[in-house]
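Peer 1: The following comprises the amino acid sequence and a computationally predicted model.
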Amino acid sequence: ESLDRGHAMIFSLWDDVEVNMLWLDSSYPLDRPTTDPGIKRGDCLGDTTSTPTYLRQTYPNGGVVFKNAAVGEIGSTYVPPPPPPPTQPPANKPTSNPSEAPTKKPSPKPTAVSEGCFSNNYKDCLPKSYSNGSSTSCHTVWLPNGPNQSCIALWGDCTDNSSGCCGDAVCFGDTDHAACVPPADSTKSPTSAPTPPTCIVCDDRETSWQ
């Protein structure tokens, strides 16, 4: 019900000229031992580099990028990275040369068939519990060959590789920063999905709660 009424996400950027934000990730207040409970809030040194003066003089053109914000059921908006393959121990070398070569070559392993899946970023698969089209993201697509690790995911940084975006995503931005964004016509349903997801297209019309 709350999401149906509409929400506004606000990001605030500021610095602290009074106590250099020591209360956030350093030791504060300064007149108490750091060994007291609650005094040490983080590993920041709290020296000159923590002052707004140093930050403004050293990084006058500093910036920040907020991306990959998502709303959905728990577990539906985050795709964990695949686990690394297990490390195989090196095979022991034979103590002597074999007397005879094997009579026949081992049979080759069958080629694994990729399984299709739904994706919200054109690259990684959503959990199987959501592969029935239950996601309401307007950017959900069907990957017929499974995940694609050789491209840049939706909203990923493509500043140095303008042609590396996954699927139909396009690289948008300038030489300072560019990201893979959905194509202009991004409201169409997946081409080969068993059950195409529904989309809620946003507009800029004023409502009673906004």
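Peer 2: Arrived safely.
Peer 1: For residue 124, see how far away the spatially most central residue of the chain is.
Peer 2: In the chain, the centroid-proximal residue (CA atoms, centre = their mean) is residue 68; its distance is 6.2 Å. Shown here: residue 68 relative to residue 124, a distance of 12 Å by CB to CB, to the nearest Å. C-betas here are computed from N, CA, C, even on glycine.
Peer 1: do the same with residue 184
Peer 2: Taking CB to CB, one finds residue 184 at 23 Å from residue 124.
Peer 1: Then residue 53 would be within a strand, right?
Peer 2: No - per DSSP: H, G, I helix; E, B strand; the rest coil, residue 53 lies outside any strand segment and is helix.
Peer 1: any idea how far it lies from residue 45?
Peer 2: Distance of residue 53 to residue 45, given as CB to CB: 16 Å.
Peer 1: before we move on, what about residue 92?
Peer 2: Taking CB to CB as the measure, residue 92 and residue 45 are separated by 50 Å.
Peer 1: Show me where this protein has its strands.
Peer 2: For the chain, strands defined by DSSP state E occupy the ranges 117-119, 141-143, 170-173, 178-181.
Peer 1: Figure out which of these is closest to residue 38.
Peer 2: Nearest to residue 38, of all the strands of the chain, is strand 178-181, at 39.8 Å by CB to CB.
Peer 1: what does that closest one rub up against?
Peer 2: Strand 178-181 is contacted from outside by 65, 67, 122, 152-159, 162, 165-166, 169-173, using CB atoms under 8 Å, 6 or more residues apart in numbering.
Peer 1: What subset of those residues is buried?
Peer 2: 122, 152-158, 165-166, 169-171 (16 or more other CB atoms under 10 Å).
Peer 1: Would you check that residue 124 makes contact with residue 79?
Peer 2: Yes - here residue 124 reaches residue 79: they are 4.2 Å apart, a contact under CB atoms under 8 Å.
Peer 1: Same drill for these two, tell me which one is more crowded.
Peer 2: More neighbours surround residue 124 than the other of residue 124 and residue 79, with 21 against 18 (other CB atoms under 10 Å).
Peer 1: who's in contact with that one?
Peer 2: Contact partners of residue 124, counting by CB under 8 Å, 6+ apart, are 79, 81, 147, 153.
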